[in-house]
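Asks: Turn this into a model:
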Amino acid sequence: MKKRLIRLSFTVVFAALLLSCGKKESAEQSGQDSVAAVPAPISQPLVSHIYTADPSAHVFNDRIYIYPSHDIEAGTPENDNGDHFDMRDYHILSMDSVGGAVTDHGVALDVKDIPWAGRQLWAPDAAYANNTYYLYFPVKDKEDIFRIGVATSKNPEGPFTAMPNPIANSYSIDPCVFQDTDGSFYMYFGGIWGGQLQRWNNNQYDANGKLRSAEETAVLPRIAKLSPDMKSFAETVKEVKLVDAQGNLFTESQNDKRFFEAAWMHKYNNKYYLSYSTGDTHLICYATGDSPYGPFTYQGIVLNPVEGWTNHHSIVEVKGKWYLFYHDVQLSGKTHLRNVKVTELQHQADGTIQAITPYN
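Replies: Okay, the predicted model is just below:
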């Protein structure tokens, strides 16, 4: 295949070399499968030497830090439980500004260094308090049940040291840690299907817990306020109500609006914005409320479907502008080998978010 130089907004990569020569991880792990032609993307991958996904972005010390999953080719067959997403460590990325050079700070935490962990180190998040950086992560324990752990570091890029046990009473996946304007921290979490949230009712685990049928009320995301030590919950885990304009909870059949995974919280003009993935309909949607606990009223779409099965994002303000970090599969064409991207996000005058279409 003739090598063709592709100019990226963040880095210059030889896409043809990645896909045909096998000298980088992206080609070496994904094999020689061709990538189907798609419309032109509105943004380009932040890095191409590794696969990254599920980006949680934060501004620490006037620098943008991205805490993504690190996708690898584990050779596991695909299934609805996501066993092929067998990630084993985290690499933290950073940049001075959107559009600037991206630094990969190397391995920040490895699954083998988490005493209680079994497998599948999925989407993380981070926070800063007590002169310490905290990395929150979901991973299956030795009994193959997803729990949420925490690791600490004195540096935003790590390396991080994991606590010896998961956060008590935590479960499922996709922790998002939000700091409110009063300084309080809250964790939102949960994901159905492979994320196991359907197995938890009233915070009790049922190994035989089933997905909801079409007419049943959809499974809801969870919230808990964090203790001052940032390593434990200060309260009982609660459900987060996500409702339509009439105040009705969504049913599972309303899978273009109901919660699936990837909760994210940001605050704009004193309103709380809960955004999330609808999973099998591949949308990032959002709902607004007047309290971090909700209820949250559905408002619309943040991001239309990307190439690939999953959709997972974060929203962050940088120097007065808002940005959406997300992923697709531009580099590999494979669902489990993704690449992180960023594009500007617009809040309109009435507070609604202008929906983004990721391809022209």
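
Asks: Which residue, neighbours along the chain excluded, lies closest to the residue nearest the centre of the chain?
Replies: For the chain, the residue nearest the mean C-alpha position is Asp54 (3.4 Å; CA atoms, centre = their mean). Excluding the flanking residues, the one nearest Asp54 by CB to CB, 6 or more residues apart in numbering is Ala123, at 3.5 Å. C-beta: built from backbone N, CA, C; applies to glycine.

Asks: Looks to me like the one you found is in a helix.
Replies: No - applying DSSP: H, G, I helix; E, B strand; the rest coil, one finds Ala123 to be coil, outside a helix.

Asks: any idea where the strands of the stretch 251-360 of the chain begin and end?
Replies: With DSSP state E, counting those that start in this stretch as the criterion, the stretch 251-360 of the chain has strands at 261-268, 271-277, 284-289, 296-303, 314-318, 321-328, 339-345.

Asks: Note down every partner strand of the fifth one and its orientation.
Replies: It stands for strand 314-318. Strand 314-318 pairs in its sheet with strand 321-328 (antiparallel), by DSSP bridges.

Asks: contact partners of the strand it pairs with?
Replies: 41, 52-57, 66, 68, 98, 268, 284, 302-303, 306-308, 310-317, 338-347, 356, 358 (CB atoms under 8 Å, 6 or more residues apart in numbering).

Asks: From these, list just the buried residues.
Replies: 41, 52-57, 66, 68, 98, 284, 302-303, 306-308, 310-316, 338-343, 345, 347, 356, 358 (16 or more other CB atoms under 10 Å).

Asks: And the residue nearest to Asp54, how far from Pro164?
Replies: Applying CB to CB, to the nearest Å, the value for Ala123 to Pro164 is 22 Å.

Asks: who has more neighbours, the two?
Replies: Ala123 (28 against 9; other CB atoms under 10 Å).

Asks: Would you check that the more buried one makes contact with Ile173?
Replies: Yes - counting by CB atoms under 8 Å, Ala123 does reach Ile173; the two are 6.7 Å apart.

Asks: can you list residues touching both of those two?
Replies: Taking CB under 8 Å, 6+ apart as the contact criterion, the common neighbours of Ala123 and Ile173 are Pro138.
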